[in-house]
Every structure is written in C-alpha cells, then in structure tokens.
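> no sequence for this one, just the structure:
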C-alpha cells in the first residue's frame, strides 16, 4: 500500500492529567480514501481531527503528514494546514467576513494570490457547491445549510489534497443534509468524516472506524462509494510540479 497522506501513531492525549481522551490511537489516511469516524459525544473525535493538523499537540505518539514526521511547532504544521482543509463542527468559527465572496476569497488571498485569481477560484467553487449568485449575500444571514456550504467552498478554494470534516450534516434539515452529503460523496479527495449518520458514512466512505473509551477500532467494512466526476482538482503536489 502507498504511503499515507496523514497518519497518527500511538497517540495519547489528555486535557487533564491522568484522564486520557485518546489512548494509543493509530489511524492512516491514504490517497483517494474516505474514512468515517463514529463514536459517542465527547469521545474525542474532534480532538483527533485537530491533532492531525497540529491544532492540538498529543502528550505521546507521532503525527505524520505527507511523508514527514511533524514536530510540535506551528512552523512544522504550516504546510499541513495549507494542504489539508478542515470543516469545523460550528461553521460560525470559520465564517467571519461580511459577504460570501469575501469569506471564500479569504484563504486564497492569504496564500498570496492576486485578487483577480482569488475571485476566479471563489466563483468556481461557489458554482460547484450550488451557491452561484450568493457572492454578495451577507454570510451571517444565511441558513445553517447555506453557511455550511460557504464554509466548504472556503476550504475547497484552498485546493486541499485532503479534507477533515467534523459533523458536516449536524443540525441541517433534510434537503440541506442531502445536498451536502451528495457534494461530499462526489468530491474526489481523501477525507476523514466525523458523523453520527451511519447511512451517510456507509454511502460515502471506504471504511468506518469507531472511537470509544479513548480507543479506535474497526467497524464492519463498508463498500467504497462510487464517485462521479466534478469540476474540482486539488493543487498539484511538489512532485507533480517537478514533473512539469
């Protein structure tokens, strides 16, 4: 099997001394793979995602990303956060610009992209998520489903190679949930998806793992979901650039 994009090895994490949330947890995400992550509320699922991109630092264990062991420094995880997009459970935490277009352009502009190129990329991903015409809408006045789509568009505008999705369907009505579920199934990206909806994970993921009492375990293997082609491609990796 190929080298994983992201890997946790024997991770131990605790918020309070002597009360571990994660105990010797190991998980590897390979290119093209979608992993579902289930578990009770408060079991540490969000914590695990944050450790994968260096937002939290484990007391023990190793975090590997794109073939490198990542040390506990922001500098070492800067590249990881550029190449891995995360959708937080509370999307209001990542929507803070006055309009939809400004929110989606925020990431590309911070990568040093020109305004014209950022707008072009934002327009493309807004079209992809079904929000064409929303560019000048005020973000905080949107429905929860629309906000989540804007947040997803903002992540995709960074052209990530992998996605970490924390409860992407939580709190949505049926129409919004189905719309976002279809988008997630169709995106040709590696993903770790935290969700309580087992049917959604069965339809979307290559495999599902469970987190309980601080430990990960395999759940009944799920068939790989068929993917349709969509207009989206992640940014080229360094090796791809070299071959060009």
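Structure received. From a predicted model like this one, the values you see are computed outputs, not experimental measurements. Residues are numbered from 1 along each chain as shown.
> So, low pLDDT: which residues of the protein?
Within the chain, the stretches with pLDDT under 70 are 1, 220-244.
> Enumerate every residue touching residue 44.
By CB atoms under 8 Å, 6 or more residues apart in numbering, the contact list for residue 44 reads 13, 21-22, 211, 214. C-beta: built from backbone N, CA, C; applies to glycine.
> what's the most distant pair in the residues you listed?
13 and 211 (11.7 Å; CB to CB).
> coming back round to it: between the contacts of residue 44, which is closest to residue 80?
After measuring the contacts of residue 44 against residue 80 - CB to CB - the closest member comes out as residue 13, at 17.3 Å.
> hang on, isn't that closest one packed against residue 51?
Yes: at 6.4 Å, residue 13 and residue 51 qualify as touching, with contact defined as CB atoms under 8 Å.
> Overlap in contacts, these two.
22, 58.
> List the beta-bridge partners for the nearest residue to residue 219 once chain neighbours are set aside.
Distance criterion CB to CB, 6 or more residues apart in numbering; nearest residue to residue 219, sequence neighbours excluded, is residue 208 at 4.3 Å. Note on residue 208: beta-bridge partners residue 36, judged by DSSP bridges.
> and if you look at residue 19?
Beta-bridge partners, per DSSP bridges, of residue 19: residue 16.
> which residues do residue 13 and residue 211 both contact?
22, 44.
> mind checking which helix or strand the residue nearest the centre of the chain is in?
Residue closest to the average C-alpha location in the chain (CA atoms, centre = their mean): residue 164, at 2.1 Å. Following DSSP states H and E, one finds residue 164 within strand 162-166.
> OK, contacts around the closest residue to residue 45 other than its chain neighbours?
Nearest non-adjacent residue to residue 45, counting by CB to CB, 6+ apart: residue 194, 4.6 Å away. By CB under 8 Å, 6+ apart, the residues touching residue 194 are 37-38, 45-46, 49, 89, 165-167.
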